[in-house]
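Visitor: I need the structure of the sequence given here:
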Amino acid sequence: MLVLPAVKGARVAPAARETQRALEQGLGARAMGRWSVLRRALLEEGQRAVAAGAAGRADAVAAAIAAARKDYVAQQFGEMKRRLLAVEASSLAQLARPEGRAQAVLLNQLLAIAALSAGEQPVADARFRLMLALDAKADIDAGLYPPKVVAYFAQVRADVARLSPTTVSLTTTPDDVELVVDGRARASSESLALRPGLHYLRVRALGYADEARRLEVKGGGGANAETIKLAALGDAAARRRQLARAIAEGSVDARVPAVRRAIAHALGAAGILFWSSLADGRLRVGFTSSPEVADRAAKNMPAAAATRAWDVVVLGKPLDPNRGRGDGKRARGAPFYKRWWFWTIAGAVVAGAVTATVLATQLGGDTFGTRFGNGVQP
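Guide: Below you'll find the model as predicted:
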């Protein structure tokens, strides 16, 4: 798991300041520092965002469910249905998540009962089927609802058991996404085997806005195809917040190409290379954007690194500190390690390490990815 620090100006963490002092004492262009403090800061930021967002959406669904139950007692079935459909539309991203599955089951149960009470049997069938897709063991409380409702649900359950799954062809942009179907994580694939009826689908990828939708699968041997194109996040702050949330959820895996692209994009990098040195000085490459980058990194590895097993990250094409002035002039004065952008491009740690080492080696103003590799294109 890789994490990115949120550091700028006065927000530079103590570990970063320690490294900055070391640089001022003569380490030159090689920056080596401990980033556990930065990792913890971003993790905590993500945890707060996840907790606040999930709690807000869950509270909205819970309030709608409570009000719908009152509508049922008052026999306001039209209002009951309207209320539940509205909260489903506004909170679908939460309902389609694994942690939202219990509320999704209850919401669809109430929607089915509202439809059945209003004489809308096709809608009741569809919602009871979705309820069972979310939880095959879900049931109706005979103490709360009339026998005809309980019997109708039992018949729907029997009908669902006789249905054979059908193939749904799924096309996503980007290709490598995280997929959740009916509240369960699924391996990202081009096809899904789903029973006919409604299903909840959630698709996410770092660097893109999440997509949640209600999918209707048709039976009878007909073709079922779904195309989902995720919208790219254009705002750097939004990408950083998304990474923080993903880190807090434990879903950041550097083996996934989309994750590497997202990290590179967030850092303004053309390419990234994950590597560590062995005891004998040989380079062990984890994930690379270009073999040429790895080869050049091996030749330029500092002597100190050859005797220790450090997990390090080499970044390509750093953010240009001389752009964005608006007057066309180059910034002068402070060495690169005193500028906030240095702490942004250098701030990455390799997962599993309580303290990790970051190596950012500049060669004539360029880093490995800029001069010697094509890199990961964000």
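
Visitor: Look up phi and psi at D141.
Guide: Backbone torsions for D141, taken as degrees, to the nearest 10, come to phi -80, psi 110.

Visitor: now the strands for the stretch 151-300 of the chain?
Guide: Ranges of strands in the stretch 151-300 of the chain, per DSSP state E, counting those that start in this stretch, are 166-173, 178-181, 184-186, 191-194, 197-204, 211-217, 225-229, 272-277, 283-288.

Visitor: possible to save the ones you listed as a markdown table with mean pLDDT, mean neighbour count and distance to M131?
Guide: C-betas here are computed from N, CA, C, even on glycine. Output for the strands of the stretch 151-300 of the chain, formatted as a markdown table (pLDDT from 0 to 100; neighbours: other Cβ atoms under 10 Å; distance: least, Cβ to Cβ, whole Å):
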| stretch | mean pLDDT | mean neighbour count | distance to M131 |
| --- | --- | --- | --- |
| strand 166-173 | 93 | 16 | 19 |
| strand 178-181 | 93 | 20 | 15 |
| strand 184-186 | 92 | 13 | 15 |
| strand 191-194 | 91 | 16 | 15 |
| strand 197-204 | 96 | 22 | 10 |
| strand 211-217 | 96 | 17 | 13 |
| strand 225-229 | 94 | 12 | 21 |
| strand 272-277 | 49 | 24 | 44 |
| strand 283-288 | 48 | 16 | 42 |
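
Visitor: could the ones you listed go into TSV alongside distance to A58?
Guide: Shown next, in TSV, are the strands of the stretch 151-300 of the chain (distance: least, Cβ to Cβ, whole Å):
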stretch	distance to A58
strand 166-173	27
strand 178-181	16
strand 184-186	19
strand 191-194	26
strand 197-204	15
strand 211-217	15
strand 225-229	25
strand 272-277	36
strand 283-288	36
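
Visitor: Those: which one's closest to A126?
Guide: Closest to A126 of those is strand 197-204 (Cβ to Cβ; 5.3 Å).

Visitor: which other residues reach that closest one?
Guide: For strand 197-204, the external contacting residues (Cβ atoms under 8 Å, 6 or more residues apart in numbering) are 92-93, 95-97, 104, 126-127, 129-130, 133-134, 160, 163, 172, 177-183, 210-217, 226, 228, 230.

Visitor: Which neighbours in the sheet does that strand have, and how are they oriented?
Guide: Using DSSP bridges, the strands paired with strand 197-204 are strand 178-181 (antiparallel), strand 211-217 (antiparallel).

Visitor: Out of these, the one nearest A205 is which?
Guide: Comparing the strands paired with strand 197-204 under Cβ to Cβ, the one sitting nearest is strand 178-181, at 6.7 Å.

Visitor: With only the CA atoms kept, save that closest one in PDB.
Guide: The C-alpha trace of strand 178-181 is given here as PDB (Å, rounded to 0.1, in the frame of the first residue of the first chain):
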ATOM      1  CA  GLU A 178     -12.900  -2.200  -8.500                       C
ATOM      2  CA  LEU A 179     -16.300  -3.800  -8.900                       C
ATOM      3  CA  VAL A 180     -19.000  -4.300  -6.300                       C
ATOM      4  CA  VAL A 181     -22.200  -6.200  -7.400                       C
END
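
Visitor: Could you list the residues in contact with that strand?
Guide: By Cβ under 8 Å, 6+ apart, the list of residues contacting strand 178-181 reads 96-98, 170, 172, 185-189, 192, 194, 199-205, 251.

Visitor: can you rerun that using 7 Å?
Guide: 96-98, 186, 188, 192, 199, 201-205, 251 (Cβ atoms under 7 Å, 6 or more residues apart in numbering).

Visitor: now for these, which pair is the farthest apart?
Guide: Greatest spatial distance in the contacts of strand 178-181: H199 and S251, 21.4 Å, computed using Cβ to Cβ.
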